[in-house]
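*Asks:* The following block contains a protein sequence and its predicted model.
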Amino acid sequence: MFGIPGKQAVTMTPAATAQVRKLMLRDNRAGLRIGVKKGGCAGMEYTMDFVDVADPNDEVVDQDGARVLIAPMAQMFLFGTEIDYVTELLESGFRFNNPNVSDACGCGESIKFKDMEELQAERHAD
């Protein structure tokens, strides 16, 4: 687990909490598993899947009945992220307000993270 004792790895806005909880209950799922993978024009992309069972190595964040599971390889990159759910005229979906992102592409689906040494130094400073 990568984090600071007593501090949740990610937080959710009330809108995100309501949406995750709604989808968990509708489909009888254990939670929303988030991660990152290589891809996109900026180098990395978020992954999101509702799962039936948590991986024993996932970091689990429970907030007001909504459960987010963070894949082990993504924990360092997602620490401090606020997850929001936005409904706009043409689209709706989850948004990540992630302090670890150093750049993003124009479409907003692909991101670039600060380098590993910089992320580790920031975590140890907290």
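*Replies:* Cool, the structure landed.
*Asks:* now the strand or helix carrying Arg33: mean pLDDT?
*Replies:* In the assignment (DSSP states H and E), Arg33 maps to strand 31-38. On average, the pLDDT along strand 31-38 is 89.
*Asks:* Check what contacts that strand and list those residues.
*Replies:* Outside strand 31-38, the residues within contact range by C-beta atoms under 8 Å, 6 or more residues apart in numbering are 10, 20, 23-24, 44-51, 54-55, 58, 60, 66-71, 73-74, 77-78, 83, 113. C-beta: built from backbone N, CA, C; applies to glycine.
*Asks:* Could you give me the PyMOL syntax to select whichever of those are buried?
*Replies:* In PyMOL syntax, the buried subset of the contacts of strand 31-38 is picked out as below (16 or more other C-beta atoms under 10 Å):
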select buried, resi 10+20+24+44+45+46+50+58+60+66+67+68+69+70+71+74+77+78+83+113
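*Asks:* what comes up buried for the strand holding Arg33?
*Replies:* 31-36.
*Asks:* on that earlier part again, list the ones among the contacts of strand 31-38 that fall in helices.
*Replies:* Applying DSSP state H to the contacts of strand 31-38, the entries found in helices are 20, 23-24, 77-78.
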